[in-house]
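# Below are the sequence and a predicted model for it; my questions follow.
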Amino acid sequence: MKNKELNKAAKRMLDLIDSGTTSMTSEDVAPYYVDIKTYTDNEIFELEKQKLFKERPLLMAFSSDVKDSGDFITNEDTGIPIIITRNKKGTVKAYLNVCRHRGGRLLDKPCGNQSRGFVCPYHAWRYDLDGDLISIYGEETFGEIDRSLHSLIELPVEEKYGLIYVQPTPGPAQSIDDILGKDLGNQMESWTLDSVHLVNRGIFDMPTNWKLAMDTFVEGYHFGPLHPETIALGSYSNVMIYDRYNYNHRLGFPSLTINELKDKPEKDWEAFNHFSWVYFLFPNITFFVNSAFVYLFELYPGKEVGEHLTRFSTYSRFEMKTEEEKDAAQEHFQFIYSVVENEDYWVSANVMKGFKSGLHPYSVFGRNELSLINMHEAFRESVGLDPSGVRLKRSRK
Ligand code: FES
Ligand SMILES: [Fe+2]
């Protein structure tokens, strides 16, 4: 991202700090009362799994995850087993991870390289990187079939801005530009996701609804109270800038050091050393970026409405050359992992227990939680529900 834009963002944050406030929505919009059924209702959960996690393209990889021909990653988190790979021409492809003979799983590893294509472990049918069936083991005994009818089932996939979006079911799919818009797309491109360096990956499977887990990433109101010994030691609490892009958004969170910029002429600013961006990419991605790292959180519904799975990956934006740099990156990964596990998701799992009681009818989002309001409106609207929150009779006015 260009310095001009980073400086502009830093100035917006400094203005908020100076006036002792944060981004807020209007009094017409908040308080917004969110119906707890959104986290507990089986019907809504089934709708989301179908409409959000099967019928829409989802961010499933960065370009750097499948850099070379034959590199692959697999994903089964939507309930549909998928292979994402790059063919010999350099084009990204996505297939159902299912052999066309009798359904064997072709790849049973999360990632790797298969530059010569895929061989089914069941009866050794072989496919190339374009999904074409190229050999049938013991064909003289199996008999002749039309191979063109037995190519791997292809899924809609698009690579742009260093992002790879896959739609888990065949059929027409929205483009990345439709989903993000050009402005957000260009921002994503500026993070050079085709050349980031994987540090480590981890999993959280906390017993909480996937949206309730997502809620913990979407405001900085909780930094001081929930993270007094970790995040709040370095960041302002309850100060954020907010920008919306269709159903997606970005939040800018200032570090305590941001005030140092005031002592320097703007041309000497290194503004991005003093804040971080947290993007929400609809429906299930939280993407943090700061001057050194990119953190990707992919959230998926679990088996039941009160369960979920998060995949967490940390990437270094720069090549880690020395052992010190590599160790520091691992430490950083562990730090974020433990904050999320012991603080954010700990709280989320406890909130879920309260919601399961069935006795807490709604939660309330304030003016400073506008990102939550917009996100929940998008969740509801995208599955065909009324985006408004619960309408309460006001007792005052
Ligand atoms: S199921 Fe794949 S070769 Fe038989
Ligand atoms: Fe948090």
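Good, I have the coordinates. Numbering: from 1, shown residues only. Ligands and ions are numbered 1, 2, ... in the order given.
# what about residue 200, distance to residue 247?
Applying Cβ to Cβ, to the nearest Å, the value for residue 200 to residue 247 is 29 Å. (C-beta placed from N, C-alpha, C; glycine too.)
# Could you check which of these two has the larger neighbour count?
The residue with more neighbours, out of residue 200 and residue 247, is residue 247; 19 against 15, by other Cβ atoms under 10 Å.
# I'd say the more buried one and residue 376 touch.
No: Residue 247 lies out of contact with residue 376 (Cβ atoms under 8 Å); the separation is 11.0 Å.
# what residues are shared contacts of those two?
When contacts are counted by Cβ atoms under 8 Å, 6 or more residues apart in numbering, residue 247 and residue 376 have no shared neighbour.
# and whichever strand or helix holds residue 315, what's its mean pLDDT?
If you go by DSSP states H and E, residue 315 is part of strand 308-316. Strand 308-316 comes out with an average pLDDT of 98.
# after it, next one along is what?
Using DSSP H and E, the helix or strand that directly follows strand 308-316 along the chain is helix 323-339.
# backbone phi and psi for the residue lying closest to residue 246 once chain neighbours are set aside, please?
Nearest in space to residue 246, with sequence neighbours left out and distances taken as Cβ to Cβ, 6 or more residues apart in numbering, is residue 181 at 5.5 Å. Main-chain torsions, residue 181, degrees, to the nearest 10: phi 90, psi 150.
# what number of residues lie near residue 181?
The number of residues packed near residue 181 is 16, by other Cβ under 10 Å.
# Name all residues that make contact with it.
Contacts of residue 181 by Cβ under 8 Å, 6+ apart are 245, 246, 248.
# Please report the distance of the residue nearest to the first one when sequence neighbours are not counted from residue 41.
The shortest distance from residue 245 to any residue other than its chain neighbours is 4.0 Å, reached at residue 184 (Cβ to Cβ, 6+ apart). When distances are taken as Cβ to Cβ, residue 184 and residue 41 turn out to be 31 Å apart.
# higher neighbour count, those two?
With neighbours defined as other Cβ under 10 Å, residue 184 and residue 41 compare such that residue 184 has more, 22 against 14.
# that older thread, partners of the strand holding residue 315, with directions?
Using DSSP bridges, strand 308-316 pairs in its sheet with strand 197-204 (antiparallel), strand 293-301 (antiparallel).
# Up against ligand 1, what does the protein have?
Within the chain, the positions adjacent to ligand 1 are 99, 101, 102, 103, 104, 120, 122, 123, 124, 125 by Cβ under 6 Å from any ligand atom.
# Filter these down to the ones in strands?
With DSSP state E as the criterion, strands contain none of the residues of the chain next to ligand 1.
# Name the residues of whatever helix or strand residue 10 lives in that are buried.
Counting by DSSP H and E, the element that carries residue 10 is helix 3-18. For helix 3-18, burial by neighbour count (16 or more other Cβ atoms under 10 Å) applies to 6, 7, 9, 10, 12, 13, 14, 16, 17.
# what's the closest of those to residue 263?
Nearest to residue 263 among the buried residues of helix 3-18, counting by Cβ to Cβ, is residue 14 at 11.9 Å.
# Relative to residue 219, how far out is the closest residue to the closest one other than its chain neighbours?
Closest residue to residue 14 apart from its sequence neighbours, by Cβ to Cβ, 6+ apart: residue 258 at 6.4 Å. According to Cβ to Cβ, residue 258 and residue 219 sit 18 Å apart.
# of the two, who's got more company?
residue 219 (24 against 20).
# ok, now which ones touch the residue lying closest to the more buried one once chain neighbours are set aside?
Nearest in space to residue 219, with sequence neighbours left out and distances taken as Cβ to Cβ, 6+ apart, is residue 369 at 5.1 Å. Contacts for residue 369 were tallied using Cβ under 8 Å, 6+ apart; they are 30, 32, 218, 219, 221.
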